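Chemist: Have a look at this prediction, sequence included:
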Amino acid sequence: MDDKAKGKAKEAYGALTGDEAKKEEGRAQQRKAAAEEEATQKEKTSQAKEEARQAERKRDQQKQKDKGLLGGVTDSLSGGDRGSRS
């Protein structure tokens with residue numbers, strides 16, 4: 001049973017028995033569980049963003065590598081033309 005469910009159970013028990021302290025304890029436990037869930041989600045989001053940045057860097061490096069040392073400049077002696085010369 002997770003903390004959120006335990007908190008709800010405590011709050012319900014407190015409501016049934018008229019125990020205000022138990023109700024508040026249950027609410028506090030639910031707030032704590034929600035905060036932990038939010039922190040976990042933020043961590044997952046940060047990790048996904050970092051993975052995306054790494055993938056972009058890798059893609060950019062591969063693009064640069066594919067262009068070669070001359071950056072896409074053609075060899076004028078071979079007659080090859082990678083780009084348009086207008």
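Modeler: Alright, I've got the coordinates. This is a predicted model, so every value here is computed, not measured.
Chemist: Every contact and neighbour count from this point should use C-alpha atoms.
Modeler: Fine.
Chemist: pLDDT wise, what is the spatially most central residue of the chain at?
Modeler: By CA atoms, centre = their mean, the mean C-alpha position of the chain lies nearest to residue 45, the distance being 1.8 Å. At residue 45, the model reports a pLDDT of 98.
Chemist: what about it, helix or strand, and which?
Modeler: Using DSSP states H and E, residue 45 sits within helix 20-67.
Chemist: same for that helix, what does it pack against?
Modeler: Counting contacts by 3 or more CA pairs under 8 Å, 6 or more residues apart in numbering; DSSP states H and E, helix 20-67 packs against helix 3-17.
Chemist: between the helix it packs on and helix 20-67, how big is the angle?
Modeler: In terms of direction (axes from the mean of the first three to the mean of the last three CA atoms, to 10 degrees), helix 3-17 departs from helix 20-67 by 160 degrees.
Chemist: what about the chain, any weak spots by pLDDT?
Modeler: Low-confidence segments of the chain (pLDDT under 70): 70-86.
Chemist: at 90 instead, please
Modeler: 1, 63-86 (pLDDT under 90).
Chemist: contacting residues around stretch 3-23?
Modeler: 24-31, 33-34 (CA atoms under 8 Å, 6 or more residues apart in numbering).
Chemist: Is it possible to get a markdown table of those that adds neighbour count and distance to residue 65?
Modeler: Below are these laid out as a markdown table (neighbours: other CA atoms under 10 Å; distance: CA to CA, whole Å):
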| residue | neighbour count | distance to residue 65 |
| --- | --- | --- |
| 24 | 16 | 61 |
| 25 | 16 | 60 |
| 26 | 24 | 59 |
| 27 | 20 | 57 |
| 28 | 16 | 55 |
| 29 | 20 | 54 |
| 30 | 22 | 52 |
| 31 | 15 | 51 |
| 33 | 18 | 48 |
| 34 | 14 | 46 |
